[in-house]
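S.K.: coords please:
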Amino acid sequence: CSILVFLKDGSLLGLSVVSRAQSMSGNSTSAGSGWYNSLAESGPVHLCEQYLMGVQQVTGFPWWLSIIMSTVMVRTLITLPLATYQVVIIAKVEALQAEISELAKRLRYEVSFQGKERGWTEREKRFQFQKHLRHLVSQLYIRDNCHPFKASLLVWVQLPLWISLSLALRNLSLNQPGQCGLTTGGALWFPDLTSPDSTWILPLCLGLTNLLIVEVFSLQKLNQSRFQRLTTNFIRVFSVLMIPVAASVPSSMALYWFSSSLVGFCHNLVLRSPTAHKLLKLQAQRSDTPYRDLLTAFVNKYCTTGVHCK
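M.R.: Next up, the predicted model:
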């Protein structure tokens with residue numbers, strides 16, 4: 001859905017934030033000044049700290065499970081409704097494309113006719129065409145209440161939320177790990193949530209999940225423009241770069257990032273289902289078998305003639 005369903009998890013902005021956190025991880029009591037320290041001590045971050053500690057205390061779960069549950073709750077109660085709204089807006093915009101195409105043809109004819117009468121140059125004709133087309137398209141967006149900017153609401157909410165929760169876990173892991181119990185709140189290969197995952201399993205899972213989200217998104221977009229292809233490749237690179245970043249921060253943060261990406265991916269799949277499209281009353285339901293179509297597209301894209309994927 002998004003774009004940058006995948007951007008969906010804040011990977012782009014997270015790189016700069018976490019890189020700074022990495023440089024501070026060696027000394028949790030350092031009194032740094034500047035924008036990062038102000039951000040880490042801001043009100044939203046402290047609210048997220050209280051939220052995480054509250055969930056852990058109320059449920060009584062170990063910290064690793066509490067972090068996962070907190071992530072599921074946030075992604076389901078806050079970002080899922082926004083992702084659903086995004087799907088509705090995008091579907092309305094796509095449904096308008098046929099009408100916009102027809103209006104563009106008629107407008108091009110009218111501009112060409114007026115241009116001949118008034119002696120416009122080709123440049124003036126193009127200017128008038130683009131000017132009137134933008135106005136017509138804007139009127140259509142107003143009529144159907146689906147301006148594309150509304151589809152970006154998810155990003156404007158999810159990025160600050162992702163950063164705040166990440167910094168909250170960073171603060172809990174570095175400033176008061178013994179008090180919170182994070183040092184013994186892990187599981188399996190990451191028993192200490194305040195230390196980086198030395199096995200790199202969590203970072204690799206995060207990277208693979210983000211790459212999977214990117215590939216699923218790219219499969220949904222046929223005939224991508226050059227800009228879209230460049231953007232997709234850019235996000236692929238950042239997904240790979242997030243692996244060493246996640247390996248250098250406390251495991252609590254890496255676990256949250258992986259959980260957030262995985263939950264977001266599951267939500268993306270749910271919103272592709274025919275049942276979801278019927279409930280949302282979307283006009284453009286592309287297929288009754290979206291998951292089978294997605295698998296087929298994946299196989300066709302990544303399995304060449306000489307390689308058989310089973």
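
S.K.: contacts and neighbour counts: CA atoms only from here.
M.R.: OK.

S.K.: Name the spans of the stretch 1-150 of the chain whose pLDDT lies under the cut-off.
M.R.: Across the stretch 1-150 of the chain, the ranges flagged by pLDDT under 70 are 1-33.

S.K.: Recalculate using a threshold of 50.
M.R.: In the predicted model, the stretch 1-150 of the chain carries pLDDT under 50 at residues 1-32.

S.K.: That one: helices as residue ranges?
M.R.: 11-24, 35-40, 43-59, 63-74, 80-95, 97-118, 122-144 (DSSP state H, counting those that start in this stretch).

S.K.: Show me the contact partners of the longest one.
M.R.: Here helix 122-144 makes contact (Cα atoms under 8 Å, 6 or more residues apart in numbering) with 92-93, 96, 100, 104, 107-108, 111-112, 115, 147.

S.K.: Alpha carbons only: can I get it in CSV?
M.R.: Written as CSV, here are the backbone C-alpha positions of helix 122-144 (Å, rounded to 0.1, in the frame of the first residue of the first chain):
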residue,chain,number,x,y,z
GLU,A,122,3.2,25.0,-29.2
ARG,A,123,4.7,26.1,-25.9
GLU,A,124,1.7,28.2,-25.1
LYS,A,125,-0.6,25.3,-26.0
ARG,A,126,1.2,23.0,-23.7
PHE,A,127,1.1,25.6,-20.9
GLN,A,128,-2.7,26.1,-21.3
PHE,A,129,-3.3,22.4,-21.5
GLN,A,130,-1.3,21.6,-18.3
LYS,A,131,-2.9,24.6,-16.5
HIS,A,132,-6.5,23.6,-17.3
LEU,A,133,-5.8,19.9,-16.7
ARG,A,134,-4.5,20.5,-13.2
HIS,A,135,-7.6,22.5,-12.5
LEU,A,136,-9.9,19.8,-13.8
VAL,A,137,-8.1,17.1,-11.9
SER,A,138,-8.2,19.1,-8.7
GLN,A,139,-12.0,19.5,-9.1
LEU,A,140,-12.3,15.7,-9.5
TYR,A,141,-10.3,15.2,-6.3
ILE,A,142,-12.5,17.6,-4.4
ARG,A,143,-15.7,15.9,-5.8
ASP,A,144,-14.6,12.5,-4.7
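
S.K.: buried ones in it?
M.R.: Of the residues in helix 122-144, 125, 128-129, 133, 136-137, 140-141 count as buried by neighbour count, 16 or more other Cα atoms under 10 Å.

S.K.: For the residue nearest to Arg272 when sequence neighbours are not counted, list the residues it contacts.
M.R.: Spatially, and ignoring its direct neighbours in sequence, Arg272 is nearest to Pro290 (6.7 Å; Cα to Cα, 6 or more residues apart in numbering). Each residue near Pro290 by Cα under 8 Å, 6+ apart is listed here: 272-274.

S.K.: Return the closest of the residues you listed with respect to Ser198.
M.R.: Arg272 (36.4 Å; Cα to Cα).

S.K.: Quick check, pLDDT for that closest one.
M.R.: We have a pLDDT of 80 for Arg272.

S.K.: related to what we said a few turns ago, which of the contacts of Pro290 fall in helices?
M.R.: Pro274 (DSSP state H).

S.K.: residues touching the nearest residue to Pro244 once chain neighbours are set aside, list them.
M.R.: Once flanking residues are discounted, Pro244 sits nearest to Pro203: 7.0 Å by Cα to Cα, 6+ apart. Residues in contact with Pro203 (Cα under 8 Å, 6+ apart) are 197, 242-247, 254, 258.

S.K.: at 6 Å what do you get?
M.R.: 243, 246-247 (Cα atoms under 6 Å, 6 or more residues apart in numbering).

S.K.: could the helices of the stretch 1-150 of the chain be laid out in TSV, adding distance to Trp162?
M.R.: Formatted as TSV, those follow (distance: least, Cα to Cα, whole Å):
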stretch	distance to Trp162
helix 11-24	8
helix 35-40	13
helix 43-59	10
helix 63-74	10
helix 80-95	14
helix 97-118	33
helix 122-144	30
